[in-house]
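Colleague: Sharing a sequence plus its predicted fold:
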Amino acid sequence: MEAPVSIAIETSCRRGGVALGAADRLLETARFRADSRQSVQLIARLDELLARHGLRAREVDEAYVSIGPGSFTGLRVGIAAARVLGQVVEKLRCVGVPTVEAVAENAAALEFEHLAVVMDAKEQTVYIATFARQAGGLVPEGPPRLIAADEFQAETPKPLLVIGEGLWYQPLSGEGITIGDEEFWLPTVEGVWRVGRRMAKDGQFEDCHHLRPLYLREPEAVRLWEKRARGGKNN
């Protein structure tokens, strides 16, 4: 099998998956529901995928992992799996794939001038990343940012195609804005693999043990604890 042998892991949303690639070829994917027993399903699907191609974990060279934003639990599961694999496979090199870039990959074959991936950040706020098409693929138009949902129309370039799970929570509309079909709103493991492969070819690796999830907000339990702690200090 051509080197590098690579895997991709997507657990940032309810549609989980793993993928296997060799050099620049995506060989196969396996999906699972990420709403329960995620870690068990991830490991089982990955083992099955490697076995079907006559591979063992120690033969994997690169791992591309969706790092968020996304599900608190899901991101921890995916990143923990990459860290464990990094302990077992000394040569393993990891790429942390921003989830918004994996979502943007869904629209790679669509016609647009500007593309926005939108995620819900709660409290009438959205996390947005915008992209333009250039020879060689999609390129970010600046870093992702948090903006108020009611400022979206004024703060984004037009004409604009919008996709992303944030549309389920923050309906966005206006002149020059087109909403993409729902089939393009969630990340896929194929998208994670394609973005991860490009990042790997650019040398954008990081130590597996230093992978960190990208959260838009602290988990609810942490915020409640901090709120109570502040209240205690004020009494």
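Modeller: Sure thing, it's come through. Numbering: from 1, shown residues only.
Colleague: what's in contact with stretch 175-183?
Modeller: 106-107, 110, 112, 153, 156, 158-163, 167, 172-173 (C-beta atoms under 8 Å, 6 or more residues apart in numbering). Yep, even glycine has a C-beta here, placed from its N, CA and C like the rest.
Colleague: biggest separation within the residues you listed, which pair?
Modeller: The most widely separated members of the contacts of stretch 175-183, counting by C-beta to C-beta, are Asn106 and Gln153 (22.9 Å).
Colleague: Next, work out how far apart the residue nearest the centre of the chain and Val195 are.
Modeller: Geometric centre of the chain, nearest residue: Thr99, 2.1 Å, by C-alpha atoms, centre = their mean. Distance, Thr99 to Val195, using C-beta to C-beta, to the nearest Å: 10 Å.
Colleague: thinking again about what came up before, ok, Asn106 and Gln153, which is more surrounded?
Modeller: Asn106 (22 against 15; other C-beta atoms under 10 Å).
Colleague: Quick check: the more buried one touching Thr188?
Modeller: Yes - assessed by C-beta atoms under 8 Å, Asn106 is found in contact with Thr188 at 6.7 Å.
Colleague: Please, where are all the strands along this structure?
Modeller: 5-10, 15-22, 25-33, 62-68, 93-98, 114-120, 125-134, 137-140, 145-148, 160-163, 177-179 (DSSP state E).
Colleague: In a markdown table: the ones you listed, plus mean pLDDT and mean neighbour count.
Modeller: Compiled in a markdown table, those are given as follows (pLDDT from 0 to 100; neighbours: other C-beta atoms under 10 Å):
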| stretch | mean pLDDT | mean neighbour count |
| --- | --- | --- |
| strand 5-10 | 98 | 27 |
| strand 15-22 | 96 | 24 |
| strand 25-33 | 95 | 15 |
| strand 62-68 | 98 | 28 |
| strand 93-98 | 98 | 24 |
| strand 114-120 | 96 | 25 |
| strand 125-134 | 94 | 20 |
| strand 137-140 | 90 | 14 |
| strand 145-148 | 94 | 13 |
| strand 160-163 | 98 | 22 |
| strand 177-179 | 97 | 16 |
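Colleague: Between the ones you listed, which one is closest to Ala82.
Modeller: Per C-beta to C-beta, nearest to Ala82 of those: strand 62-68, 4.7 Å.
Colleague: Looking at the contacts of stretch 175-183, which one is closest to Met1?
Modeller: The closest of these, once distances to Met1 are taken by C-beta to C-beta, is Asn106, at 27.6 Å.
Colleague: For the closest residue to Pro140 other than its chain neighbours, list the residues it contacts.
Modeller: Of all residues not flanking Pro140 in the chain, Phe131 sits nearest, at 5.8 Å (C-beta to C-beta, 6 or more residues apart in numbering). Residues in contact with Phe131 (C-beta under 8 Å, 6+ apart) are Ala104, His114, Leu115, Ala116, Val117, Leu138, Val139, Pro140, Glu141.
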